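Undergrad: 3D model of this:
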Amino acid sequence: MRYGFGVPKNVTASTPTAAAPPRSLWLLGPALVAGVAYLDPGNVASNMTAGAQYGYLLVWVVVAGNVMAWLIQYLSAKLGVVTGQSLPEVLGTRLRRPWARRAYWLQAELVAMATDLAEIIGGAVALNLLFDIPLLLGGLLTGAVSMVLLTVQSRRGARPFEFVIIGLMVIITVGFLAGLFLAPPDPAGVVGGLVPRFEGTGSVLLAASILGATIMPHAIYAHSSLARDRFGSADGLPHEEQARVETSRIRRLLTATRWDVSVAMVIAGSVNLGILLLAAANLAGVEGTDSLEGAHAALAAGLGPVVATFFAVGLLASGLASTSVGAYAGAEIMHGLLRVRIPLLARRLVTLIPALAILGAGIDPTLALVLSQVVLSFGIPFALLPLVVLTAQRRTLGAWTNTRLTTAAGIVASVLLIALNGALLWLVLTGS
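TA: As a prediction, this is how the structure comes out:
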């Protein structure tokens, strides 16, 4: 659903009110929804393991990843605001050969399904921890609730969907950070963790896992689509007035988008950092914390059942919110590249199958989470590089094209992320 940016429904685009500046607060939301991707169960597992195994060593990785995520998500949102198209739609237009579009769609679809796999498994594990529900049934329940959330998006539009996801984000934040108030981290350790360094190949693997779980391809695809869906255009005005209104409108939207992305990344970064610090302060050296179930048990033993319950509730909200956004991204990938639109609920049913098959087969959930991150690593270059190239092209964004400094920063972030994810693939596949 596409609609105007704060224009009342009973006001037409041809009236002066249509050009009036909306309340800036009302423009916030798309980045908060996309930011849920940074709080999915894969992030929880990576950050918890990093803190438990290496203490404060990898604090700098979480901070650096969040800074790079800010730039990447802003570029994605800018593409959607300026062009009125999502990244998959732009690529679907630029990739003229059908086989090229299909090949690109295939890798993007695999990435979206791998993301969904991790999120359904995370929700199933949370239900098991909270209510002792079998994993397969938990996966079904997680999928069912996500279908309800997607119904809100498809029938009520973008804004109500944003409110629901933001509500879940609040639960995620409280659930994962509650333990820090009972057992705060060592300030000196946190400061020391800001110094970039590694300790052996294991820390490199975890650093790559943290970044792989942070910069997720489907979040890039989704954010451009969310920005497109949320904001209308100045269509319907005379040509001269339309150009003037559109310029003013885009300038205001991009300013609001920078705030939106900043708020979203501060929240996501604080939660991810809080998970690592919680583990570093309370689970360092504790056996079995390399799995979600083990981390929950260790929190219960060390900080009590209340903190452990908060953690499980946060994990459940994480799985529900992120799988809904993942299904939304997958539908946009298919529509933009193949020009085929399948109802969100039908797509949700299809993408549930791999996760339910893994849960039903009794495969270790933590292993499945790790393997899903490996698949995500393959997809990062295909999302990052086109995004940086397109937003640097004048023919794509016109006057809103990236500055040279922004393009340079995008290239550096892309090279670092691709290199670290390459290291992750090498270490996992070679067993180093």
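
Undergrad: Leu32 in helix, strand or coil?
TA: Applying DSSP: H, G, I helix; E, B strand; the rest coil to Leu32 yields a three-state assignment of helix.

Undergrad: Quick check: it touching Val266?
TA: No: distance between Leu32 and Val266: 10.7 Å, which falls outside the contact criterion (Cβ atoms under 8 Å). In this view, the C-beta of every residue, glycine as well, is placed from N, C-alpha and C.

Undergrad: Identify the residues contacting Pro185.
TA: Counting by Cβ atoms under 8 Å, 6 or more residues apart in numbering, Pro185 touches 56, 277-278, 280-281.

Undergrad: lowest average confidence, helix or strand, in the chain?
TA: For the chain, using mean pLDDT, DSSP states H and E, the weakest element among its helices and strands is helix 200-214, scoring a mean of 78.

Undergrad: which other helices and strands contact that helix?
TA: For helix 200-214, the helices and strands in contact under the criterion 3 or more Cβ pairs under 8 Å, 6 or more residues apart in numbering; DSSP states H and E are helix 41-54, helix 59-83, helix 365-391, helix 404-430.

Undergrad: thinking again about what came up before, among Leu32 and Val266, which residue is more densely surrounded?
TA: Neighbour count, other Cβ atoms under 10 Å: between Leu32 and Val266, Leu32 has more, with 21 against 13.

Undergrad: Spatially nearest residue to that one, not counting backbone neighbours?
TA: Across the structure, with Cβ to Cβ, 6 or more residues apart in numbering as the measure, the residue nearest Leu32 apart from its sequence neighbours is Ala264 (4.8 Å).

Undergrad: The one you found and Val325, how far apart?
TA: Ala264 sits 12 Å away from Val325, going by Cβ to Cβ, to the nearest Å.

Undergrad: neighbour count winner among those two?
TA: Looking at Ala264 and Val325 with other Cβ under 10 Å, you find the greater number of neighbours at Val325, namely 30 against 27.

Undergrad: need the contact list for that one.
TA: Contact partners of Val325, counting by Cβ under 8 Å, 6+ apart, are 33-34, 36-37, 165, 218-219, 222.

Undergrad: Please determine how far it is located from Ile411.
TA: Computed as Cβ to Cβ, the Val325 to Ile411 distance reads 27 Å.

Undergrad: What of Leu140?
TA: From Leu140 across to Ile411, the span is 44 Å (Cβ to Cβ).

Undergrad: Looking at these two now, which is surrounded by more residues?
TA: Leu140 (20 against 15).

Undergrad: With adjacent residues omitted, what lies nearest to the more buried one?
TA: Distances taken as Cβ to Cβ, 6+ apart put Leu356 closest to Leu140, at 6.7 Å, once the chain neighbours are dropped.

Undergrad: Count residues in the vicinity of the one you found, would you?
TA: 20.

Undergrad: Also Gly362?
TA: Burial of Gly362 is recorded as 9 neighbouring residues (other Cβ under 10 Å).

Undergrad: so what pLDDT did it get?
TA: Among the per-residue scores, Gly362 shows a pLDDT of 83.

Undergrad: element containing it?
TA: Under the criterion DSSP states H and E, no helix or strand holds Gly362.

Undergrad: just for the chain, where's the confidence low?
TA: In the predicted model of the chain, residues 1-27, 157-158, 212, 232-245, 370, 373-374, 424-425, 428-429, 431-432 satisfy pLDDT under 70.

Undergrad: what inclination does the longest helix along it have with respect to helix 59-83?
TA: The helix spanning the most residues in the chain, taking DSSP state H as the definition, is helix 239-282. Taking axes from the mean of the first three to the mean of the last three Cα atoms, to 10 degrees, one finds that helix 239-282 is oriented at 160 degrees with respect to helix 59-83.

Undergrad: What angle do helix 200-214 and helix 239-282 make with each other?
TA: The directions of helix 239-282 and helix 200-214 differ by 140 degrees, with the same axes, to 10 degrees as the criterion.

Undergrad: Packing partners of helix 239-282?
TA: Helix 239-282 is packed against helix 30-35, helix 41-54, helix 59-83, helix 158-182, helix 187-192, helix 292-303, with contacts defined by 3+ Cβ pairs under 8 Å, 6+ apart.

Undergrad: So which of the ones you listed is nearest Gly336?
TA: The closest of the helices and strands packed on helix 239-282 to Gly336 is helix 59-83. By Cβ to Cβ, the value is 11.2 Å.
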